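Q: structural data only, the sequence is not supplied:
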């Protein structure tokens, strides 16, 4: 996702930290920031979480439905068993817009450390069955910690869980695919757009989040057993674009100023003559 790769995260300006020649910075949608000779703006992108087949199997066991939570959108493909008429999920994904990008910023590159997305998915077990006594859980506002390979999210669950902010949800087990660094030193003087696509797979749920999931969804012993088979919750593919505009060096402004002064003197001399 978004993805984030809190955490991927929120502030409208750079927050300097660490070495004098490097800074940790957060760019949010609709804002811009300036440092190290560049203006970063026009952050766009999305993170799409595609559910794993084992997760879909666990959801089908509990007759769970999946819908999107704005501004994210969910794409769910259902299938119907011809013999029994039972409808189940064939595939499911949720696409969420990127809202913030945090990275270590130097004069030549921006190395992404966190990404945040907005919205998510709502999972609802409305019918009591062998896997659940009914329940629901919403997972929104993912924040991906690229450096520590962790994913956080806001959770709202039934059965006494309530609203929980930025819960440590998954570990990222597999290596992150794609570049997490934007090169800035090759940007033309008039500015340009840098883009990156990343793949995050091997999402392993933490013990605490597993327990939250089980409680919120009202899982029975059979449902818990089914959920334990889900060792990988899915894959997040994120695309991110940022507009980068070089800022002229102070010496450039000084030369421009001298040029204007010289032009003014030349005009005065012509008028005087």
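A: Received it, and whenever you're ready, just let me know what you need. These figures come from a predicted structure and were not determined experimentally.
Q: which regions of the stretch 1-150 of the chain sit below the pLDDT cut-off?
A: 1-22 (pLDDT under 70).
Q: now the strands for it?
A: 14-15, 23-28, 33-35, 38-51, 65-69, 73-80, 87-105, 109-117, 120-125, 135-145, 150-157 (DSSP state E, counting those that start in this stretch).
Q: dump those to a markdown table, plus mean neighbour count and distance to residue 244.
A: Any C-beta I mention is one placed from the backbone N, CA and C, and that applies to glycine too. Listed next are these as a markdown table, based on neighbours: other CB atoms under 10 Å; distance: least, CB to CB, whole Å:
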| stretch | mean neighbour count | distance to residue 244 |
| --- | --- | --- |
| strand 14-15 | 14 | 14 |
| strand 23-28 | 20 | 11 |
| strand 33-35 | 17 | 11 |
| strand 38-51 | 21 | 5 |
| strand 65-69 | 18 | 32 |
| strand 73-80 | 14 | 29 |
| strand 87-105 | 22 | 11 |
| strand 109-117 | 25 | 8 |
| strand 120-125 | 22 | 29 |
| strand 135-145 | 25 | 22 |
| strand 150-157 | 22 | 27 |
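Q: from residue 109, how far out is residue 100?
A: 19 Å (CB to CB, to the nearest Å).
Q: now residue 171
A: 27 Å.
Q: the helix or strand harbouring residue 170: partners in the sheet, and parallel or antiparallel?
A: Assigned by DSSP states H and E, residue 170 belongs to strand 162-172. Strand 162-172 has the following strand partners under DSSP bridges: strand 150-157 (antiparallel), strand 203-205 (antiparallel).
Q: nearest to residue 143, out of these?
A: Comparing those against residue 143 with CB to CB, the closest turns out to be strand 150-157 (4.5 Å).
Q: can you tell me what sits against the closest one?
A: 4, 6-7, 120, 135-145, 161-172, 200, 203, 209, 212-213, 215-217, 236 (CB atoms under 8 Å, 6 or more residues apart in numbering).
Q: ok, and the closest non-adjacent residue to residue 174?
A: residue 202 (3.5 Å; CB to CB, 6 or more residues apart in numbering).
Q: the one you found contacts residue 172, doesn't it?
A: Yes: counting by CB atoms under 8 Å, residue 172 is a contact partner of residue 202 at 6.2 Å.
Q: let's have the strands paired with strand 162-172 in a markdown table, adding distance to residue 95.
A: Formatted as a markdown table, these follow (distance: least, CB to CB, whole Å):
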| stretch | distance to residue 95 |
| --- | --- |
| strand 150-157 | 15 |
| strand 203-205 | 16 |
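Q: between these, which one is closest to residue 231.
A: Between these, strand 203-205 lies closest to residue 231; by CB to CB that is 6.3 Å.
Q: give me the distance from the closest one to the chain's centre.
A: 16 Å (CA atoms, centre = their mean, to the nearest Å).
Q: next, the angle from the helix or strand that it is followed by to strand 162-172.
A: Downstream of strand 203-205, the first helix or strand assigned by DSSP H and E is helix 207-216. Relative orientation of helix 207-216 versus strand 162-172 (axes from the mean of the first three to the mean of the last three CA atoms, to 10 degrees): 130 degrees.
Q: so which elements touch helix 207-216?
A: strand 135-145, strand 150-157, strand 162-172, helix 221-228 (3 or more CB pairs under 8 Å, 6 or more residues apart in numbering; DSSP states H and E).
Q: nearest residue to residue 210 in space, ignoring adjacent ones along the chain?
A: residue 227 (7.0 Å).
Q: residue 243 now?
A: Per CB to CB, 6+ apart, closest to residue 243 is residue 42, 3.9 Å.
Q: can you pull the contacts of the one you found?
A: Applying CB under 8 Å, 6+ apart, the residues near residue 42 are 32, 193, 241, 242, 243.
Q: before we move on, the earlier item: reformat the helices and strands packed on helix 207-216 as JSON lines; add distance to residue 179.
A: Listed next are the helices and strands packed on helix 207-216 as JSON lines, based on distance: least, CB to CB, whole Å:
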{"stretch": "strand 135-145", "distance to residue 179": "15"}
{"stretch": "strand 150-157", "distance to residue 179": "19"}
{"stretch": "strand 162-172", "distance to residue 179": "16"}
{"stretch": "helix 221-228", "distance to residue 179": "34"}
